[in-house]
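# generate a structure from the sequence data that follows.
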Amino acid sequence: MARLILFGPPGAGKGTQAVTLAADFSIPHISTGDLFRAAISGKTPLGLKVQSYLDQGQLVPDQVVIDMVQERLAQSDTAGGWLLDGFPRTIPQAQTLDKLLQEMNQSCDRVINLQVPEQTLVTRMLSRGRKDDTEAVIQDRLQVYHTETATILDFYRERNCLADIDGDTTVEAVTERIKAALADLT
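Have a look, this model is predicted:
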């Protein structure tokens, strides 16, 4: 059983590693982006809320994100563990997740933080060829990550559950480093 949170800046390889980890541990990969898309396409009450915020160009409020994650963690396939990708993104979300997990008699086993130099991130994202991956947009996304999301790392470091992983190498080498950091969970 493994309950994991995957962190890292845009372009660090979270999505790639999440797929491998979820398969290796036989746990669901829970991405807030995927939850949003599924809720919107399913026209669920939460999905309609999310869509209304996005239509107005606003960020989805913490409570709506938390409600979606809570709903997903309550599903039966998460009993053997889970991998959160893209959540939490703020200290209030991390604190609320802690409370939620306590109520569910669960805890996070490990927070995996993929560390990649900024220039490598920019190069990786530019090479993806996505329309919205311009150097200016990438720099903005990295700035938002450093000012808003990266502060959560100290939150988890204080709880002694953070594993910093050097992500500046091949996909396979990063996967091996993560597996080594999680060896005590298998």
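# in this structure, which spans are strands?
Here the chain has its strands, by DSSP state E, at 2-7, 29-31, 81-85, 110-115, 162-166.
# can you mark which positions in the fourth one are buried?
Yep, that's strand 110-115 we're talking about. If you call a residue buried by 16 or more other C-beta atoms under 10 Å, then strand 110-115 has these buried ones: 110-114. For every residue, glycine as well, the C-beta is placed using N, CA and C.
# touching, Gln139 and Met125? I think so.
No - counting by C-beta atoms under 8 Å, Gln139 sits too far from Met125 to count as a contact (10.1 Å).
# more neighbours, those two?
Met125 (22 against 13; other C-beta atoms under 10 Å).
# on that earlier part again, mind checking the strands of the chain for the one nearest to Glu172?
strand 162-166 (13.2 Å; C-beta to C-beta).
# in the chain, which spans are helices?
Using DSSP state H, the helices found in the chain span residues 14-25, 32-41, 45-55, 62-73, 91-103, 118-127, 135-144, 152-157, 171-181.
# rebuild these as CSV, extending it with distance to Leu4.
Shown next, in CSV, are those (distance: least, C-beta to C-beta, whole Å):
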stretch, distance to Leu4
helix 14-25, 7
helix 32-41, 15
helix 45-55, 24
helix 62-73, 13
helix 91-103, 12
helix 118-127, 22
helix 135-144, 23
helix 152-157, 11
helix 171-181, 9
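# who's in contact with Leu153?
7, 111, 113, 162 (C-beta atoms under 8 Å, 6 or more residues apart in numbering).
# give the burial count for the spatially closest residue to Thr175 that is not a sequence neighbour, as a bare number.
Excluding the flanking residues, the one nearest Thr175 by C-beta to C-beta, 6 or more residues apart in numbering is Thr20, at 5.4 Å. Residues lying near Thr20 (other C-beta under 10 Å) number 16.
# I'd like the distance between Thr20 and Pro88.
Counting by C-beta to C-beta, to the nearest Å, the gap from Thr20 to Pro88 is 22 Å.
# over to Thr147?
15 Å.
# low-confidence regions, the protein specifically.
Counting by pLDDT under 70, the chain contains no low-confidence range.
# next, the buried residues of stretch 46-61.
For stretch 46-61, a neighbour-count test (16+ other C-beta under 10 Å) marks 46-47, 49-51, 60 as buried.
# closest one of the buried residues of strand 110-115 to Leu97?
Among the buried residues of strand 110-115, and counting by C-beta to C-beta, the member closest to Leu97 is Val111, at 10.9 Å.
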